[in-house]
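**Q** What follows is a protein structure lacking sequence information:
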């Protein structure tokens, strides 16, 4: 049986929030993703998107930000384990970064599907 005492729930949440803030403070791409979240939120508010569209946007925000945090963790662990250029380290870093890129590209496409009709309607009224 595992005799290790678990951290209180409050501490666990504290560590998680600390990880999020560390990612935002230290990672350039995380800052870019956060700016995208703000811009999409402003656009959604401006265009009065539907509840379903908000849910899609929120899921995509969560997906991309979460993958960026995992990518940061993978990079940190790889750097902790080795300073040498190793093929497996490169695979770990590149595939984690690729997961973020793939999610960001698909999110941008979905964003265009959601927002383009609103933009075209707005341009038609001008």
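**A** Received, thanks. Just so it is clear, the model here is predicted, and its values are computed rather than measured.

**Q** Now do the strands in this protein.
**A** Counting by DSSP state E, the chain has no strands to list.

**Q** just the helices in it please.
**A** 9-26, 28-47, 51-81, 87-125 (DSSP state H).

**Q** can you list the ones you listed in TSV and add mean neighbour count and mean pLDDT?
**A** C-beta here means a position set from N, CA and C on the backbone, and glycine is covered the same way. Output for the helices of the chain, formatted as TSV (neighbours: other CB atoms under 10 Å; pLDDT from 0 to 100):
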stretch	mean neighbour count	mean pLDDT
helix 9-26	11	94
helix 28-47	14	98
helix 51-81	16	97
helix 87-125	13	96
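
**Q** Not counting sequence-adjacent ones, nearest residue to the residue nearest the centre of the chain?
**A** In the chain, the centroid-proximal residue (CA atoms, centre = their mean) is residue 65; its distance is 1.3 Å. Spatial nearest neighbour of residue 65, chain neighbours left out: residue 33 (5.7 Å); criterion: CB to CB, 6 or more residues apart in numbering.

**Q** Tell me the spacing between that neighbour and residue 117.
**A** 24 Å (CB to CB, to the nearest Å).

**Q** which residues are contacting stretch 12-31?
**A** 6, 7, 34, 65, 68, 69, 72, 73, 100 (CB atoms under 8 Å, 6 or more residues apart in numbering).
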